[in-house]
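Participant: Below: sequence and its predicted model.
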Amino acid sequence: MTKTISFGVVHFTVAIGVVSALTGSLVIGGLVALIEPLVNTAAYHYHEKAWAWFRARPRGTQRAACALES
């Protein structure tokens with residue numbers, strides 16, 4: 001758990017630093033660092049649902065989809 005917390009602090013610090021450097025605003029950097037993980041969590045949820053749907057399709061459908069992507 002310590003490593004997870006440590007990574008969270010590093011991620012938050014980097015996010016504030018990058019956005020603050022780009023915008024010149026520490027407030028905007030802090031807001032982005034707080035909002036981004038919430039949006040990312042929702043995106044991850046829907047990403048997982050899409051993958052579950054993709055894997056649940058019949059095998060032939062997956063091959064056809066992969067051929068279209070190539």
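Facilitator: Received, thanks.

Participant: So in this protein, which helix runs the longest?
Facilitator: Longest helix in the chain, counting residues (DSSP state H): helix 26-56.

Participant: other SSEs contacting that helix?
Facilitator: Judged by 3 or more CB pairs under 8 Å, 6 or more residues apart in numbering; DSSP states H and E, the packing partners of helix 26-56 are helix 2-23. Bear in mind the C-beta positions are built from the backbone N, C-alpha and C, glycine included.

Participant: got the contact list for the helix it packs on?
Facilitator: Outside helix 2-23, the residues that touch it by CB atoms under 8 Å, 6 or more residues apart in numbering are 26, 28-30, 32-33, 36-37.

Participant: let's see it at 10 Å
Facilitator: Residues from elsewhere that reach helix 2-23 (CB atoms under 10 Å, 6 or more residues apart in numbering): 25-37.

Participant: in that helix, what's buried?
Facilitator: Neighbour-count burial for helix 2-23, counted by 16 or more other CB atoms under 10 Å, picks out 15-16, 19-20.

Participant: go on, stretch 32-43?
Facilitator: 32-33.

Participant: just how off-centre is it within its chain?
Facilitator: Offset of stretch 32-43 from its chain centre (CA atoms, centre = their mean, to the nearest Å): 8 Å.

Participant: CA atoms only for it, dumped as CSV, please.
Facilitator: The C-alpha coordinates for stretch 32-43 follow below in CSV (Å, rounded to 0.1, in the frame of the first residue of the first chain):
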residue,chain,number,x,y,z
VAL,A,32,-6.5,19.3,-13.4
ALA,A,33,-4.6,17.0,-11.1
LEU,A,34,-7.8,16.4,-9.1
ILE,A,35,-10.2,16.1,-12.0
GLU,A,36,-8.1,14.0,-14.3
PRO,A,37,-8.1,10.8,-12.1
LEU,A,38,-11.9,11.0,-11.9
VAL,A,39,-12.3,11.2,-15.6
ASN,A,40,-9.7,8.5,-16.2
THR,A,41,-11.6,6.2,-13.7
ALA,A,42,-14.8,6.6,-15.7
ALA,A,43,-13.0,6.1,-19.0
